[in-house]
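Trainee: below: sequence and its predicted model.
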Amino acid sequence: MKFHCQNCGKEIRVRRLYAGKKGRCPECKTVITVPGPRVEGSSPKVAATDETQAVPKSPLADLTFLDVPKEAKTQSEPTQQPDSTEEAYEQFRKLHGGLTSYENEEVQDRKLPWIVDIFLYPVNHEGLLIIFMSAGIPLFLRAMQEFLRIFSHVFLPMYVFFALVRIIHWISVGVFILYVCWYAYECICSSAAGRIRAPETAGCTPGLWEILGKGFRTVACFIFFMLPSTFYLGSKQQLDDPIYWLLVGLGIFLFPMGLLAVAVFDSVRGVNPILVIGSIFSTFFQYCGLVIFCYAFLLLIPLAGFFLLRLWILGYLFMLVAFYLGLILAQLLGRFGWKYRDKLNWEV
């Protein structure tokens, strides 16, 4: 579909699924709203005549949405056909800061009460496979490690294999934790688009740099909100200072909204304090409930690390539970962004 910018008159071409979305005109940078599709049955000639009379023909008329040339073409020069490939979609997605990564066509209503349905979020082929694989493979390597440790007391050269498997085991633990973090990041984006089940990502296995990049954004978001308390501690050197713990609590309180913004915009620019604080004020009471609910779950996750270093079999059971709860928390955070998207007003 095509329409004209109300400010400069540039003709813009987008796919119909963007009707009602907001973005910036590539010519004058004015925030505009994509109009809905025209009512069927209207006369094409009349519509075209009215449109031509209302807005003069622009020299940029035949360019694709978001194609901003360095110099405007003249009327005598041939115009290019609009780009119908995925490049136009990707450009439009970047304009929204990643908000259209998952299209809203698959929005579904919950069939069960939300307090029950949220626990079913990872219960599909993709979610369960990632959870059991991420906890099961390290468990298998740890069992092999314990077997080789016992066998090395009988046959000393086996100690070399024991050391090798031990190294591989801890590397696999780190890799799978990063992989689950990447998948949780995708769950936030998917839930922020209205989905109620874990996304299918079998056809888009991430590369190492993508996993590290999204892990870095999550860690950077947490560090950013904890910087005030860190600087204050460095200057006072007193852990019992109430102001220090007040700053720590403030950073913990701001972190979920910041992480949601980072995931939705797919950029560290989401930690913008003005954006985060403004979003919290617009949804204050609902956000407080989300924070309490999320951190109540997070108290169970450190138990996985505690038992992992002491009673390893029980530790991997807690690791599996931690991965499961992590995906549920990601869904809650993304669902919060979808439910209150009008109040957050992040599309603009």
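Mentor: Ah, there it is. Residues are numbered from 1 along each chain as shown.

Trainee: rest of the way, CA atoms for contacts and neighbours
Mentor: Noted.

Trainee: for the closest residue in space to Gly127 that isn't next to it in sequence, what are its contacts?
Mentor: Among residues not flanking Gly127 along the chain, Ala198 sits closest, at 5.8 Å (CA to CA, 6 or more residues apart in numbering). By CA atoms under 8 Å, 6 or more residues apart in numbering, Ala198 lies in contact with Tyr121, Pro122, Val123, Asn124, Glu126, Gly127, Cys187, Ser190.

Trainee: Trp182 now?
Mentor: Applying CA under 8 Å, 6+ apart, we find Trp182 in contact with Ile211, Lys214, Gly215.

Trainee: 10 Å instead?
Mentor: With contact set as CA atoms under 10 Å, 6 or more residues apart in numbering, Trp182 has these partners: Phe176, Pro206, Glu210, Ile211, Leu212, Gly213, Lys214, Gly215, Thr218.

Trainee: with Phe297 instead?
Mentor: Residues near Phe297 by CA under 10 Å, 6+ apart: Ala322, Leu325, Gly326, Ile328, Leu329.

Trainee: out of those residues, which is nearest to Tyr295?
Mentor: Leu329 (9.1 Å; CA to CA).

Trainee: need the pLDDT of the most centrally placed residue in the chain.
Mentor: Centroid-nearest residue in the chain, with CA atoms, centre = their mean: Ala263, separated by 3.0 Å. Ala263 carries a pLDDT value of 87.

Trainee: just checking, it is part of a helix?
Mentor: Yes. Assignment of Ala263 by DSSP: H, G, I helix; E, B strand; the rest coil places it within a helix.

Trainee: can you pick the most crowded of the contacts of Ala198?
Mentor: Cys187 (32 neighbours; other CA atoms under 10 Å).

Trainee: for that one, what is the enclosing helix or strand?
Mentor: Per DSSP states H and E, Cys187 falls inside helix 158-192.

Trainee: thinking again about what came up before, could you dump the contacts of Phe297 to a markdown table with secondary structure?
Mentor: As requested, the contacts of Phe297 are exported to a markdown table (three-state DSSP):
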| residue | secondary structure |
| --- | --- |
| Ala322 | helix |
| Leu325 | helix |
| Gly326 | helix |
| Ile328 | helix |
| Leu329 | helix |
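
Trainee: for the residue located most distally from the centre of the chain, give its distance to Ser191.
Mentor: Ranked by distance from the centre of the chain (CA atoms, centre = their mean), the top residue is Val154, with 50.8 Å. Val154 sits 53 Å away from Ser191, taking CA to CA, to the nearest Å as the criterion.

Trainee: returning to what we had before: run through the residues that contact the residue nearest to the centre of the chain.
Mentor: Applying CA under 10 Å, 6+ apart, the residues near Ala263 are 97-99, 184-190, 192, 214, 217-218, 257, 270, 334.

Trainee: please pick the buried ones from the residues you listed.
Mentor: Buried by 16 or more other CA atoms under 10 Å: 97-99, 184-190, 192, 214, 217-218, 257, 270, 334, out of the contacts of Ala263.

Trainee: okay, helices next: where are they in the chain?
Mentor: Ranges of helices within the chain are 44-54, 86-95, 114-117, 125-154, 158-192, 208-236, 242-265, 273-282, 284-298, 301-308, 312-339, 341-344, based on DSSP state H.

Trainee: show me how this protein divides into domains.
Mentor: Split into domains by automatic domain parsing, the chain comes to 2-95, 114-344.

Trainee: and among the ones you listed, the most buried is which?
Mentor: domain 114-344 (a mean of 18; mean count of other CA atoms under 10 Å).

Trainee: gap between that one and the chain center?
Mentor: Centroid separation for domain 114-344 versus its chain: 13 Å, with CA atoms, centre = their mean, to the nearest Å.

Trainee: could I get the helices of the chain as TSV with distance to Asn7?
Mentor: As requested, the helices of the chain are exported to TSV (distance: least, CA to CA, whole Å):
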stretch	distance to Asn7
helix 44-54	12
helix 86-95	18
helix 114-117	44
helix 125-154	46
helix 158-192	31
helix 208-236	37
helix 242-265	26
helix 273-282	26
helix 284-298	35
helix 301-308	52
helix 312-339	30
helix 341-344	24
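
Trainee: surely Ile131 is in contact with Leu320?
Mentor: Yes. Contact criterion CA atoms under 10 Å: Ile131 and Leu320 qualify, at 6.5 Å.

Trainee: tell me the residues that contact both of those two, please.
Mentor: Joint contacts of Ile131 and Leu320 (CA under 10 Å, 6+ apart) are Gly326.

Trainee: check contacts around the closest residue to Ile130 other than its chain neighbours.
Mentor: Spatial nearest neighbour of Ile130, chain neighbours left out: Val180 (7.3 Å); criterion: CA to CA, 6+ apart. With contact set as CA under 10 Å, 6+ apart, Val180 has these partners: Gly127, Ile130, Ile131, Ser134, Glu186, Ile211, Gly215, Phe323, Tyr324, Gly326, Leu327.
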